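Engineer: With the sequence up front, the predicted model follows.
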Amino acid sequence: MKLYAPWEKAFKKVSTPFEEFLHAQTTTGLILIITTILALVLANSPLYDVYAHFFHTYIDLNVGSWELSHSLHHWINDGLMAIFFFLIGLEIKREITAGELSNIKVAMLPILAAIGGMVFPALIYTSLNYGTAGAAGWGIPMATDIAFAISALVLLGKRVPTTLVTFLVALAIVDDLGAVLVIAIFYTETINMVALSLAGLMFALMIAFNRFGIHMILPYFVVGLIMWFFMLESGVHATIAGVLAALAIPSTPKRAPETFTQDTKHLLDEYDKYPVQENHMMHEKQKKILTNIKDKIDQVGTPAARLEHNLHLPVALLIIPIFALANAGVKIDFSSIGTTILEPVSLGIISGLILGKVIGIFGVSWLAVKLKIAELPKGSNMSQVFGVAFLGGIGFTMSIFVADLAFVGNPELIFQAKIGILSASLFSGLFGYFWLKSVSSKNKEQNDITK
């Protein structure tokens, strides 16, 4: 029996894009927990000044008389996070073109649930903060952290049906799309129309690349980078450039998949005509044939799929953890935390992420099923959707991101927002996880009795 090294086993395993997506999101969730705890420890230790000073260090880019100067924290939130939003854009595009959102009958429930899960939290937050300084934070509790939410569900393993995981993924993707639109439309203060027009021109150029059948990544990267710069200068949040760039990336193959098998078989037959040499070296013709096969593999794949696959790991292991490390470090005065939680901003976020998400996701889902507008995921029940609604209340990454935009220049409100986000996300995650675990155990006992 042949033994394989771990990396050889990885080559033998073939994963679907959806399986890779789940694996990446689970990995991100686990690493997020570690980096969040580390950020909180650093912020509440004697190293706080070093920690804060590090992320507020300014980094300058100079070309002649032109200068771009931002703090490291700003570069992370506007630069690195543009790559995260680019990946989000690729995932949204995949779900719409070939995933769960491509079939309107299947997509109806997660779409309606996601809309409810955005509207009700915003309404609850606004009702508690109307007319106050914190009113601008209504977009904070609308977001669901896809990595944390999916991680909590996947950790339950076979206790929950795979269709429920798919439901949550589709819901979170629609939620992300809503968050992107909210950031673009409502969290932009002043707009430089010249810079925005130039960004639009760059986007149009990328669309033209797509229409003319250009599948090389480099032209999209160069123009996308220029678009990101113009978007940054325009006043519209620069991360939106990541989503627009993703929409422009080709998602159709250069070569029809139907011809791939026949062409490859023909090339492999040619490859086998050359005898294996004693030193196990390939014939020069064989090397050319393998290169040809590799080119055909690249042509039958799509740039969007390749980029999504290649970016999952760096985003999961680097970008999101760095964002958490830079943004989750809240210096907490435990003696006054009870008072802080009762502040309108914190209370609005907690109520929105917990109560609003449950009313929005579970309530709208229940109504849609009762009215026969949509159907429950196969093998699931409303009790499990109730648990998923709580997992939707894990805001974290996107909520913190929106909080920094909503309360820019107001550290006190940002602090209250982060306390609310962390508290609500922790409660929602734990409650949702243990609820689903409990419901699944009861379902298993009932099934055993029936048998």
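Structural biologist: Happy to help now that I have it. Numbering: from 1, shown residues only.

Engineer: List the buried residues for stretch 107-122?
Structural biologist: Neighbour-count burial for stretch 107-122, counted by 16 or more other C-beta atoms under 10 Å, picks out 107, 109-122. The C-beta positions use only the backbone N, C-alpha and C, and glycine is treated the same way.

Engineer: Would you map the helices across the stretch 351-451 of the chain?
Structural biologist: Secondary structure of the stretch 351-451 of the chain (DSSP state H, counting those that start in this stretch): helices at 357, 364-370, 382-391, 396-406, 411-450.

Engineer: helices and strands of this protein: which one bottoms out on pLDDT?
Structural biologist: helix 6-12 (a mean of 38; mean pLDDT, DSSP states H and E).

Engineer: quick one, what contacts the most centrally placed residue in the chain?
Structural biologist: Ranked by distance to the mean C-alpha position of the chain (C-alpha atoms, centre = their mean), the top residue is I88 at 4.9 Å. Contact analysis of I88 by C-beta atoms under 8 Å, 6 or more residues apart in numbering lists 176, 180, 242-243, 246.

Engineer: for the stretch 251-400 of the chain, which spans come out with low pLDDT?
Structural biologist: 254-263, 265, 267-284, 286-287, 289, 292-300 (pLDDT under 70).

Engineer: let's see it at 90
Structural biologist: Residues of the stretch 251-400 of the chain that meet the criterion pLDDT under 90 lie in 251-340, 372, 374-380, 395-398, 400.

Engineer: Any stretches of the stretch 1-150 of the chain with poor pLDDT?
Structural biologist: 1-37, 39-40, 43-45, 48-49, 51-52, 55-82, 84-85, 87-108, 110, 143-150.

Engineer: Quick check: end-to-end length of stretch 329-344?
Structural biologist: 21 Å (C-alpha to C-alpha, to the nearest Å).

Engineer: Name the residues that touch it?
Structural biologist: Around stretch 329-344, the neighbours that count as contacts under C-beta under 8 Å, 6+ apart are 39-40, 42-44, 48, 51-52, 128-129, 132, 134, 346-347, 350, 415-416, 418-420, 422-423.

Engineer: so how far is it off the chain centroid?
Structural biologist: Distance of stretch 329-344 from its chain centroid, counting by C-alpha atoms, centre = their mean, to the nearest Å, is 28 Å.

Engineer: same thing with stretch 222-240?
Structural biologist: For stretch 222-240, the distance to the chain centre is 19 Å (C-alpha atoms, centre = their mean).

Engineer: Tell me who's in contact with the nearest residue to F431 once chain neighbours are set aside.
Structural biologist: Spatially, and ignoring its direct neighbours in sequence, F431 is nearest to F390 (5.0 Å; C-beta to C-beta, 6 or more residues apart in numbering). Listed by C-beta under 8 Å, 6+ apart, the contact set of F390 reads 354, 357-358, 428-429, 431-432, 435.

Engineer: go on, W138?
Structural biologist: Counting by C-beta under 8 Å, 6+ apart, the residues that W138 touches are 122, 125-126, 129.

Engineer: can you redo those residues as a markdown table with distance to R211 and secondary structure?
Structural biologist: Formatted as a markdown table, the contacts of W138 follow (distance: C-beta to C-beta, whole Å; DSSP: H, G, I helix; E, B strand; the rest coil):
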| residue | distance to R211 | secondary structure |
| --- | --- | --- |
| A122 | 37 | helix |
| Y125 | 42 | helix |
| T126 | 42 | helix |
| N129 | 46 | helix |
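
Engineer: Of those residues, which is the nearest to N410?
Structural biologist: N410 lies nearest to N129 out of the contacts of W138, by C-beta to C-beta, at 13.3 Å.

Engineer: Neighbours of that closest one, how many?
Structural biologist: Around N129 there are 21 other residues, counting by other C-beta atoms under 10 Å.

Engineer: and what of A406?
Structural biologist: 22.

Engineer: Same question for the one 3 residues further on.
Structural biologist: A total of 6 residues lie near G409 under the criterion other C-beta under 10 Å.

Engineer: And for R94?
Structural biologist: 23.

Engineer: With G393 as the reference, measure out to Y433.
Structural biologist: 12 Å (C-beta to C-beta, to the nearest Å).

Engineer: For the two, indicate the residue with more neighbours.
Structural biologist: Remark: of Y433 and G393, G393 carries more neighbours, 30 against 18, as counted by other C-beta under 10 Å.

Engineer: tell me the contacts of the residue nearest to that one when sequence neighbours are not counted?
Structural biologist: Closest residue in space to G393, ignoring its immediate chain neighbours: S428 at 3.2 Å, by C-beta to C-beta, 6+ apart. By C-beta under 8 Å, 6+ apart, S428 lies in contact with 353-354, 357, 390-394.

Engineer: now swap in G79 and tell me
Structural biologist: Each residue near G79 by C-beta under 8 Å, 6+ apart is listed here: 228, 238.

Engineer: List phi and psi for it.
Structural biologist: phi -100, psi -70 (degrees, to the nearest 10).

Engineer: That one and M231, how far apart?
Structural biologist: Computed as C-beta to C-beta, the G79 to M231 distance reads 11 Å.

Engineer: And F186, by the same measure?
Structural biologist: 16 Å.

Engineer: For those two, work out which one has more neighbours and name it.
Structural biologist: M231 (28 against 13).

Engineer: pretty sure the more buried one contacts A199?
Structural biologist: Yes: using C-beta atoms under 8 Å, M231 is in contact with A199, at 4.6 Å.

Engineer: hey, what's in contact with both of these two?
Structural biologist: Common neighbours of M231 and A199 (C-beta under 8 Å, 6+ apart) are A241.

Engineer: pLDDT score for L225?
Structural biologist: You'll see L225 listed with a pLDDT of 94.
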